[in-house]
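**Student:** okay, predicted coordinates and the sequence, questions at the end:
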Amino acid sequence: MNNALDKHGFAMDLVEQTATPFYYYDLDLLHATLDEINRQIEGHPFKVHYAVKANGNPRILKEIAESGLGTDLVSGGEIKAAIAAGFDPREMTFSGVGKTDWEIRLGIENGIGCFNVESIPELEVINQLAGEMGKKAGITFRVNPDIDAHTHKYITTGTADNKFGISIEALDQVIRHALTLPHVNLRGLHFHIGSQITEMQPYVMLCETVNRLLDRYDAQGIHFEIINVGGGLGIDYMDPDAHPLPDLEEYFGTFKRLLKLRPNQLLHFELGRAIVGECGSLISHVVFVKETRNKKFIILDAGMTDLIRPALYEARHKVQNLTAADSDGQETYDVVGPVCESSDVFAHDCLLPVTRRGDLIAIRSAGAYGESMSSCYNMRSLPSSVFAGGK
């Protein structure tokens with residue numbers, strides 16, 4: 001197979017021979033991102049954990065596991081998938097506000113590195129279950145630093161109005177309680193302030209908050225082995241060709257400059273979107289082009305069941321016609337799917353080359369929270385996936 005690349009980097013032979021809709025993954029770009037992450041953290045007491053919720057495709061997980069990253073997990077199913085992909089359980093962090101007993105037992109059985117604890121009731125259940133199993137569970141406390149990352153309200157996690165974490169005001173009490181429990185080992189503090197963060201100021205504020213807390217607990221003789229600053233680094237959804245990698249140098253550099261780690265203290269990161277977002281695209285055929293009095297619609301065979309972010313978050317993705325001729329001129333369209341919901345819209349007022357039935361459309365930067373959030377609503381099939389490049 002020739003697999004010549006088009007101007008956007010797609011292997012068109014592969015694209016044209018695969019039934020739509022499907023996810024197209026550029027493994028060369030994934031590896032370039034992973035290599036840059038490892039280059040940025042080399043020589044520093046840093047460990048990056050991949051947030052599996054962003055994309056749990058088994059091939060993607062295997063590629064990331066081979067790069068040496070740990071994992072951030074939010075369900076028992078993700079624990080099983082990460083183990084199957086070859087991730088080291090000792091480098092796993094299990095997060096989430098509603099861990100069930102079987103999920104906690106699964107984590108303890110497999111010796112995961114730590115549970116990211118979000119409440120006193122959760123702390124007590126972990127201690128109880130670990131005791132029943134004759135084990136001691138590593139934990140970190142997720143702290144809600146009340147920092148607004150100024151992203152969409154559905155992906156903001158670090159303010160006082162969010163369900164996540166323990167307030168700074170309650171932290172002293174929770175830590176003291178944990179230190180009295182025989183079946184947990186308090187390893188550190190965890191912070192996560194939101195997703196799709198493209199300005200560094202929220203991270204600057206986070207560093208200041210963490211530094212104050214570390215000073216406070218140093219004065220009490222409490223040392224934390226791990227400080228986890230979560231993830232949330234954003235990507236360029238509107239110009240993926242110009243910025244295929246996020247600004248990892250500025251991101252890690254912010255923490256290198258501003259966070260005052262103590263001796264023998266590790267800094268953990270939990271990146272998801274920044275790792276896989278740009279390497280994935282949703283590929284779809286045009287079913288119809290429909291014109292009304294006010295609009296021209298491109299109707300795709302892909303819908304919100306395949307990529308729900310625009311309907312759920314009002315998210316915007318770059319839409320490209322891979323097969324139209326630029327010489328035919330351009331038109332403005334709404335790009336929509338076939339699902340029986342008015343919110344099944346990928347883009348409003350999108351300027352594209354004149355588009356016809358049968359054209360191939362790429363919805364870019366869909367590697368994160370695309371395939372992983374797909375559903376069978378309207379009894380539609382889940383999208384397939386194909387892989388280009390790689391080792």
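**Tutor:** Nice, I can see it.
**Student:** so Asn264 touches Phe224, yeah?
**Tutor:** No - at 10.2 Å, Asn264 does not count as touching Phe224 under the criterion of Cβ atoms under 8 Å. Using the backbone N, CA and C atoms, a C-beta is placed for each residue, glycine as well.
**Student:** the more surrounded of these two?
**Tutor:** Shown here are Asn264 and Phe224; by other Cβ atoms under 10 Å, Phe224 has more neighbours (21 against 8).
**Student:** the residue nearest to the more buried one when sequence neighbours are not counted sits in which helix or strand?
**Tutor:** Nearest residue to Phe224, sequence neighbours excluded (Cβ to Cβ, 6 or more residues apart in numbering): Gly188, at 4.2 Å. Gly188 belongs to strand 184-191 when assigned by DSSP states H and E.
**Student:** that strand - what's its average pLDDT?
**Tutor:** Mean pLDDT, strand 184-191: 97.
**Student:** same deal with stretch 100-112?
**Tutor:** Averaged across stretch 100-112, pLDDT comes to 98.
**Student:** check the offset of it from the chain's centre.
**Tutor:** Computed by Cα atoms, centre = their mean, to the nearest Å, the chain-centroid distance of stretch 100-112 equals 22 Å.
**Student:** quick one: residues in contact with it.
**Tutor:** For stretch 100-112, contacts defined as Cβ atoms under 8 Å, 6 or more residues apart in numbering pick out 73, 75-76, 79-80, 83, 89-90, 92-94, 115, 125-126, 129-130, 133, 135, 137-138.
**Student:** hmm, which of those are the buried ones?
**Tutor:** The neighbour-count criterion (16 or more other Cβ atoms under 10 Å) marks 73, 75-76, 79, 83, 89, 92-94, 115, 125-126, 129-130, 137-138 among these as buried.
**Student:** give me the buried stretch members for the helix or strand that the strand holding Gly188 is followed by, please.
**Tutor:** Using DSSP H and E, the helix or strand that follows strand 184-191 in sequence is helix 201-219. Buried residues in helix 201-219, defined by neighbour count with 16+ other Cβ under 10 Å: Pro202, Tyr203, Met205, Leu206, Cys207, Thr209, Val210, Leu213, Leu214, Tyr217.
**Student:** can you give me the distance of the last one to Ile227?
**Tutor:** Taking Cβ to Cβ, to the nearest Å as the measure, Tyr217 and Ile227 are separated by 11 Å.
**Student:** just the first one next, same as before
**Tutor:** With distances taken as Cβ to Cβ, Pro202 is found 16 Å from Ile227.
**Student:** what's opposite the closest residue to Gly367 other than its chain neighbours in the beta bridge?
**Tutor:** Computed as Cβ to Cβ, 6+ apart, the closest residue to Gly367 that is not its neighbour in sequence is Gly280, at 2.5 Å. When bridges are called by DSSP bridges, Gly280 pairs up with Tyr25.
**Student:** contacting residues for Phe387?
**Tutor:** Phe387 neighbours (Cβ under 8 Å, 6+ apart): Tyr25, Leu27, Arg59.
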